[in-house]
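**Student:** Dropping the sequence and predicted coords here.
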There are 2 protein chains.
Amino acid sequence: MTAKRPYHHGNLKPVLLRAAIRLIAEVGPAAFTMREVARRAGISHNAPYRHLQDKDALLAAVATEGFERLAKALSKPIMETHTAASATEARGVAEERPALRRFKASGLAYVRFALRSPEHLLVMFDWPLPLNRYPDLEAAAARAFSILVGLVQEAQREGSLPEGDAIVLARIAWSLVHGVAKLAIGKRLALESEAELMNSTTRALDILYVGMARWR
Amino acid sequence: MTAKRPYHHGNLKPVLLRAAIRLIAEVGPAAFTMREVARRAGISHNAPYRHLQDKDALLAAVATEGFERLAKALSKPIMETHTAASATEARGVAEERPALRRFKASGLAYVRFALRSPEHLLVMFDWPLPLNRYPDLEAAAARAFSILVGLVQEAQREGSLPEGDAIVLARIAWSLVHGVAKLAIGKRLALESEAELMNSTTRALDILYVGMARWR
DNA sequence: ACCTGAACACCGTTCAAGT
DNA sequence: ACCTGAACACCGTTCAAGT
């Protein structure tokens, strides 16, 4: 226990990232401290400053990683049972074309990502990081959003969504799933299980799609 | 400047609340400290503990006040120019009945509240307060949500929204406006002015309404 | 190159002592 | 009753000194 700590050599940064995420998950970002991160990484309290400018830089790295994972989750929208239970499907209406399915699935993927990585979402959106000081973070966030815009455009080409500014439609969809995700994480939706939340999200996305398709 | 501080007598709590909100608005909840609140209130750093159990209790009071103000904002949805520009209106379709107007207006009011009091919204939704330990807060939050549910029910009685669980519809609407509000506060929507945001929100609410009305 | 321990100016919270 | 100053165990960050 009083064993002398060996020097930690090699890439400390990923180790710090993992420790940071686990710590935020446990105590929340408010109680999150650099010294505790260092303790968990088994290094002295100021070693992180060799690799990161400061606490914000560590959180910016967490946020950047979060946007990269989100982008991956959004672009791999594998259809699941929840989506199969989608209303138009249930009625046997064969109008749900592939791009529209992917668009809706990405919405579900957003919420699922948020549930699995609430600590990431929190740092990504609710930690007041000066975005312009972290270009990597800004770029990762832009990439994630552009995937959603691309899905809207595909659905437009397919004829599932109306012509018009894809960015506007993407922002509305993003707002909906972001709201669902944030409220769900904060336990404000009074939904029991993840399955129930996914069903509810599917319904919300169906409503949004119907509204987008008919609205003029 | 070295003048001896007179004792502060009377109700310190409201003074602390005002100071707390101003401080959070300036530095964010992460950098928010009890000692600085006390400094701004012109009292010694530990005086607040005579009135509040701890830092969380002060933030819980801020959140409670926020929900009370939100409830007020939602129940006084005065129609404004943005809503008047709503699509159905623009086309002269006279189908927008009063309860539906109030429902949409409350959505706009939610976003407007968020823009005017971002610090309240942040504490209300993103500070990990153990809700069950602050019954006043929990009750205020429930009251605010119930107003939205009531608006949905009125719109259902009026025939503007389909029959069915009002709570489910209210949750979906809440998610949308909450997402818009959070993303707007975080400057993630790339919208220039408040007017632009209100127009965009109006469009989103129109889409949601159309989707709700037609979805089955 | 990378890490450490001591140091500084902070925090949240408590408590005996003052008015 | 209400407030204060000193105290304790923390934090973020820096820096000279070690391997």
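**Tutor:** Thanks, I have the structure now.
**Student:** show me where pLDDT drops low in chain A?
**Tutor:** By pLDDT under 70, the low-scoring segments of chain A are A:1-10, A:77-95.
**Student:** for it, what spans make up the helices?
**Tutor:** A:12-27, A:34-41, A:55-75, A:81-84, A:87-90, A:98-116, A:118-126, A:135-158, A:166-185, A:194-214 (DSSP state H).
**Student:** Can you list the helices and strands that the first one packs against?
**Tutor:** Just to be clear, that refers to helix A:12-27. Packing partners of helix A:12-27 (3 or more CB pairs under 8 Å, 6 or more residues apart in numbering or on different chains; DSSP states H and E): helix A:34-41, helix A:55-75, helix A:118-126. Placement of C-beta: from N, CA and C, glycine included.
**Student:** Could you list the domains of chain A?
**Tutor:** Structural domains assigned to chain A are A:1-52, A:62-213, following automatic domain parsing.
**Student:** follow-up on the earlier one: put together JSON lines for the helices of chain A, with distance to B:S75 and mean neighbour count on each row.
**Tutor:** As requested, these are exported to JSON lines (distance: least, CB to CB, whole Å; neighbours: other CB atoms under 10 Å in any protein chain shown):
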{"stretch": "helix A:12-27", "distance to B:S75": "37", "mean neighbour count": "18"}
{"stretch": "helix A:34-41", "distance to B:S75": "44", "mean neighbour count": "17"}
{"stretch": "helix A:55-75", "distance to B:S75": "36", "mean neighbour count": "21"}
{"stretch": "helix A:81-84", "distance to B:S75": "35", "mean neighbour count": "16"}
{"stretch": "helix A:87-90", "distance to B:S75": "32", "mean neighbour count": "14"}
{"stretch": "helix A:98-116", "distance to B:S75": "29", "mean neighbour count": "22"}
{"stretch": "helix A:118-126", "distance to B:S75": "27", "mean neighbour count": "22"}
{"stretch": "helix A:135-158", "distance to B:S75": "34", "mean neighbour count": "18"}
{"stretch": "helix A:166-185", "distance to B:S75": "20", "mean neighbour count": "23"}
{"stretch": "helix A:194-214", "distance to B:S75": "24", "mean neighbour count": "21"}
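**Student:** between the ones you listed, which one is nearest to B:K55?
**Tutor:** helix A:12-27 (14.5 Å; CB to CB).
**Student:** Report whether that closest one contacts DNA strand C.
**Tutor:** Yes - interface with DNA strand C: helix A:12-27 contributes A:L12 (CB under 7 Å from any atom of the strand).
**Student:** what angle do that helix and helix A:55-75 make?
**Tutor:** Relative orientation of helix A:12-27 and helix A:55-75, computed by axes from the mean of the first three to the mean of the last three CA atoms, to 10 degrees: 80 degrees.
**Student:** Which residues outside helix A:12-27 are in contact with it?
**Tutor:** If you take CB atoms under 8 Å, 6 or more residues apart in numbering or on different chains as the criterion, helix A:12-27 is touched by A:8, A:32, A:36-37, A:40-41, A:43, A:47-48, A:50-52, A:58-59, A:61-62, A:65, A:118-120, A:122-123.
**Student:** ok, and which of those reach DNA strand C?
**Tutor:** The residues of those that also fall near DNA strand C, by CB under 7 Å from any atom of the strand, are A:8, A:43, A:47, A:50-51.
**Student:** contacting residues for A:A63?
**Tutor:** Residues in contact with A:A63 (CB under 8 Å, 6+ apart) are A:120, A:123-124, A:127, A:129, A:134, A:137, A:140.
**Student:** One more pass at 10 Å, please.
**Tutor:** Going by CB atoms under 10 Å, 6 or more residues apart in numbering or on different chains, A:A63 touches A:56, A:120-127, A:129, A:131, A:134, A:136-137, A:140-141.
**Student:** circling back: could you dump the helices of chain A into CSV with distance to B:T201 added?
**Tutor:** Output for the helices of chain A, formatted as CSV (distance: least, CB to CB, whole Å):
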stretch, distance to B:T201
helix A:12-27, 31
helix A:34-41, 39
helix A:55-75, 23
helix A:81-84, 27
helix A:87-90, 26
helix A:98-116, 19
helix A:118-126, 18
helix A:135-158, 18
helix A:166-185, 9
helix A:194-214, 14
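**Student:** show me what contacts the residue nearest in space to the middle of chain A?
**Tutor:** For chain A, the residue nearest the mean C-alpha position is A:L70 (4.4 Å; CA atoms, centre = their mean). The neighbours of A:L70, taking CB under 10 Å, 6+ apart as the test, are A:109-110, A:113-114, A:117, A:120-121, A:124, A:140-141, A:143-145, A:147-148.
**Student:** ok, of these, which one's closest to B:G159?
**Tutor:** For those, the nearest to B:G159 is A:Y110 (33.4 Å; CB to CB).
**Student:** Find the residue closest to the closest one in space, skipping its chain neighbours.
**Tutor:** Closest residue to A:Y110 apart from its sequence neighbours, by CB to CB, 6 or more residues apart in numbering or on different chains: A:V177 at 4.2 Å.
**Student:** wouldn't that neighbour be in contact with A:L108 here?
**Tutor:** Yes - look at A:V177 against A:L108 with CB atoms under 10 Å: they come within range, at 8.2 Å.
**Student:** Quick check: neighbours shared by those two?
**Tutor:** Residues touching both A:V177 and A:L108 (CB under 10 Å, 6+ apart) are A:201, A:205.
**Student:** residues near the one residue in chain A that gets nearest to DNA strand C, how many?
**Tutor:** At 2.7 Å from DNA strand C, A:S44 is the closest residue in chain A, using CB to the nearest atom of the strand. Look at A:S44: counted by other CB atoms under 10 Å in any protein chain shown, it has 12 neighbours.
**Student:** Phi, psi for it please.
**Tutor:** phi -70, psi 160 (degrees, to the nearest 10).
**Student:** Against DNA strand D, how distant is the nearest residue to it once chain neighbours are set aside?
**Tutor:** Closest residue to A:S44 apart from its sequence neighbours, by CB to CB, 6+ apart: A:A38 at 6.4 Å. Per CB to the nearest atom of the strand, to the nearest Å, A:A38 is found 8 Å from DNA strand D.
**Student:** likewise A:L191?
**Tutor:** For A:L191 relative to DNA strand D (CB to the nearest atom of the strand), the value is 34 Å.
**Student:** unless I'm mixing things up, that residue is touching A:R203, no?
**Tutor:** No - between A:L191 and A:R203 there is no contact, the gap being 11.8 Å when judged by CB under 10 Å.
**Student:** How about the contacts made by A:A57?
**Tutor:** Residues in contact with A:A57 (CB under 10 Å, 6+ apart) are A:48-49, A:51, A:129, A:133-134.
**Student:** Now list the buried members of those.
**Tutor:** Buried members of the contacts of A:A57, scored by 16 or more other CB atoms under 10 Å in any protein chain shown, are A:48, A:51, A:129, A:134.
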